[in-house]
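Peer 1: Please work out how this folds:
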Amino acid sequence: MPLLMCPNCNEGMQEVRRNEVHVDVCPKCRGVWLDRGELEKLLHSAREVDAEYEREQASWMRQAPSYGGQGDYRHHRPYKRKKSLLEQIFD
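Peer 2: Numbers count the residues shown, from 1 in each chain. Coordinates of the predicted model:
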């Protein structure tokens, strides 16, 4: 028997561990229950990941080769945004 029941659909919630934080998730309606302090831990982790990503991007921009004139776009790599920590958790 699960410890928590979903207040929305009365389904048993499952405990999921992400980045050292235990989050209770409803498998039916995908509702999330956070205990005291868990949101702050998640936000702190997300800020650290975003700061690291920004440092990597800045490093890549310093090392990126300069391309020719305006029309030389053939070798440009498309930008693909990484999912944030919160997007990964609720995916």
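Peer 1: From now on I want contacts and neighbour counts done on CA atoms only, so please keep to that.
Peer 2: Noted.
Peer 1: remind me, longest helix of the chain?
Peer 2: Determined from DSSP state H, the single longest helix within the chain is helix 38-63.
Peer 1: how far out from the middle of the chain is the next helix or strand after it?
Peer 2: Remark: after helix 38-63, the chain's next helix or strand is helix 85-89, criterion DSSP states H and E. Put simply, helix 85-89 sits 3 Å off its chain's centre (C-alpha atoms, centre = their mean, to the nearest Å).
Peer 1: Pull out the buried positions in helix 85-89.
Peer 2: Judged by neighbour count (16 or more other C-alpha atoms under 10 Å), helix 85-89 contains these buried residues: residue 85.
Peer 1: who's in contact with it?
Peer 2: For helix 85-89, the surrounding residues in contact (C-alpha atoms under 8 Å, 6 or more residues apart in numbering) are 18, 42-43, 45-46, 49.
Peer 1: Show me which residues of the longest helix of the chain are buried.
Peer 2: 42, 45-46, 50.
Peer 1: Secondary structure element for residue 27, which one?
Peer 2: Residue 27 belongs to no helix or strand, assigned by DSSP H and E.
Peer 1: Please give me every residue in contact with it.
Peer 2: 11, 13-14.
Peer 1: Name all residues that make contact with the residue nearest to residue 4 when sequence neighbours are not counted.
Peer 2: Spatially, and ignoring its direct neighbours in sequence, residue 4 is nearest to residue 13 (5.6 Å; C-alpha to C-alpha, 6 or more residues apart in numbering). Residue 13 sits next to 2-6, 24-27 when contact means C-alpha under 8 Å, 6+ apart.
Peer 1: for residue 24, same thing?
Peer 2: Here residue 24 is in contact with 4, 13-16, 32-34 (C-alpha under 8 Å, 6+ apart).
Peer 1: what's the closest of these to residue 82?
Peer 2: Within the contacts of residue 24, proximity to residue 82 (C-alpha to C-alpha) peaks at residue 16, which comes in at 21.7 Å.
Peer 1: Count the neighbours of the closest one for me.
Peer 2: 12 (other C-alpha atoms under 10 Å).
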